[in-house]
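1. Sequence and predicted structure, then a few things I'm wondering about:
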Amino acid sequence: MAGPTRDGGTDSDEPLDDATVAERWAELTADLGELHVPTDEELRELSDEGAGPPEPQTAHLAPSPGPRDYEPAPETEGDEEDPSSGIDGFVPPDPDPFSHADPALALGWVATVGSLVVGLLLFVLYRPLPDWLVTTLAVTLLGGIALLLWRMPAGPDDRGPGDGAVV
């Protein structure tokens, strides 16, 4: 890998001679200074005294307040609300009844999923299935899939301007 080095020179694939390596090693070790390696006696004295290297001190900062540290204002007597009115007076609308569902679409889902579930259960529990039952399940499954595909919308829904969310 040829390229620039830290000292501005370039690496090469040529091996360095011993004199250059020794010179560079001497420069590096001179920059480090005198290194002191403790002897066994010094290590024993340190362990007997119980004085090891000092542990680094870390700053203990108080945690900053977060979104869950919010406390609502205490309630007064004039602030009583109806508990059934929800938060801030919002009352969710009643869900639409099932009577607005498309019966053909519901029939398609029941035929598709129902024939698969009944067929799987009969296959596991009742091994020698009669041919007429297998044929009926297959026709019901294909009819349900065909009904779902027929009721599928032909194009995109044009409810609002653009591709954004419709509220």
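-> Sure thing, it's come through. Numbering: from 1, shown residues only.
2. which residues does Asp17 contact?
-> If a contact means C-beta atoms under 8 Å, 6 or more residues apart in numbering, then Asp17 has no contacts. Quick note: C-beta positions are derived from backbone N, CA and C, even for glycine.
3. What separation do you get for it and Gly119?
-> Using C-beta to C-beta, to the nearest Å, Asp17 is found at 84 Å from Gly119.
4. same thing with Leu147?
-> Distance, Leu147 to Gly119, by C-beta to C-beta: 18 Å.
5. Also Ala26?
-> For Ala26, the distance to Gly119 - C-beta to C-beta - is 86 Å.
6. measure stretch 22-41 end to end?
-> 33 Å (C-alpha to C-alpha, to the nearest Å).
7. where does this structure dip in pLDDT?
-> Under the criterion pLDDT under 70, the flagged ranges of the chain are 1-13, 35, 49-63, 77-88, 98, 157-164, 166-167.
8. how about the helices of it, start to end?
-> For the chain, the helices defined by DSSP state H cover 18-32, 40-49, 103-125, 131-150.
9. Put together JSON lines for these, with mean neighbour count and distance to Pro92 on each row.
-> Shown next, in JSON lines, are the helices of the chain (neighbours: other C-beta atoms under 10 Å; distance: least, C-beta to C-beta, whole Å):
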{"stretch": "helix 18-32", "mean neighbour count": "10", "distance to Pro92": "73"}
{"stretch": "helix 40-49", "mean neighbour count": "10", "distance to Pro92": "70"}
{"stretch": "helix 103-125", "mean neighbour count": "13", "distance to Pro92": "25"}
{"stretch": "helix 131-150", "mean neighbour count": "14", "distance to Pro92": "31"}
